[in-house]
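Novice: can't give you the sequence, but here's the structure:
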């Protein structure tokens, strides 16, 4: 018995959807891993070993990936945005921000979008 046009079209679209999802999954994993690697190299390092910089990781989170600092997650906000400190005289000062996360975030967004577009175009050209 021959399949109807509707069934054939549905199967074709489901296959195409699966291929697109595979491209998105593959590229999101690559971009997350590269983003974590970039943060490891560009994060501020203390003279006492640079453990903060070496703690960047990426992991699957639901349907996407997340880049996070595994050991010093509380420190990320303070370094990125600056914070108030107390100096030796008891008065308060302010430590300026060290913008190291925002550039990687912006790069990851644009790179992911570009890679997915190229991947889908590659599917269409096959």
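Specialist: Right, received. Where do you want to start? Note that the structure is a prediction, hence the values are computed from the model and not measured.

Novice: which residues in the protein form helices?
Specialist: 5-42, 51-54, 73-81, 102-125 (DSSP state H).

Novice: With residue 62 as the reference, name the closest of these.
Specialist: Comparing the helices of the chain against residue 62 with Cβ to Cβ, the closest turns out to be helix 5-42 (11.1 Å). Every residue, glycine included, has its C-beta placed from N, CA and C.

Novice: Can you check the pLDDT for residue 1?
Specialist: At residue 1, the pLDDT value in this model is 55.

Novice: With residue 126 instead?
Specialist: 67.

Novice: swap in residue 105?
Specialist: So, for residue 105, pLDDT stands at 94.

Novice: Once you drop chain neighbours, what's closest to it?
Specialist: Spatial nearest neighbour of residue 105, excluding adjacent residues (Cβ to Cβ, 6 or more residues apart in numbering): residue 35 at 7.9 Å.

Novice: right, and the one you found touches residue 66 too?
Specialist: No - Residue 35 lies out of contact with residue 66 (Cβ atoms under 8 Å); the separation is 10.0 Å.

Novice: And these two? Which one has more around it.
Specialist: Each of residue 35 and residue 66 has its neighbours counted (other Cβ atoms under 10 Å); residue 35 has more, 23 against 13.

Novice: Residue 104 versus that one, what's the distance?
Specialist: From residue 35 across to residue 104, the span is 5 Å (Cβ to Cβ, to the nearest Å).

Novice: Quickly list what's touching both of the two.
Specialist: residue 67 (Cβ atoms under 8 Å, 6 or more residues apart in numbering).

Novice: Show me which residues of the helix or strand bottoming out on mean pLDDT in the chain are buried.
Specialist: Every helix and strand of the chain was ranked by mean pLDDT, DSSP states H and E. The lowest is strand 92-95, at a mean of 84. For strand 92-95, burial by neighbour count (16 or more other Cβ atoms under 10 Å) applies to no residue.
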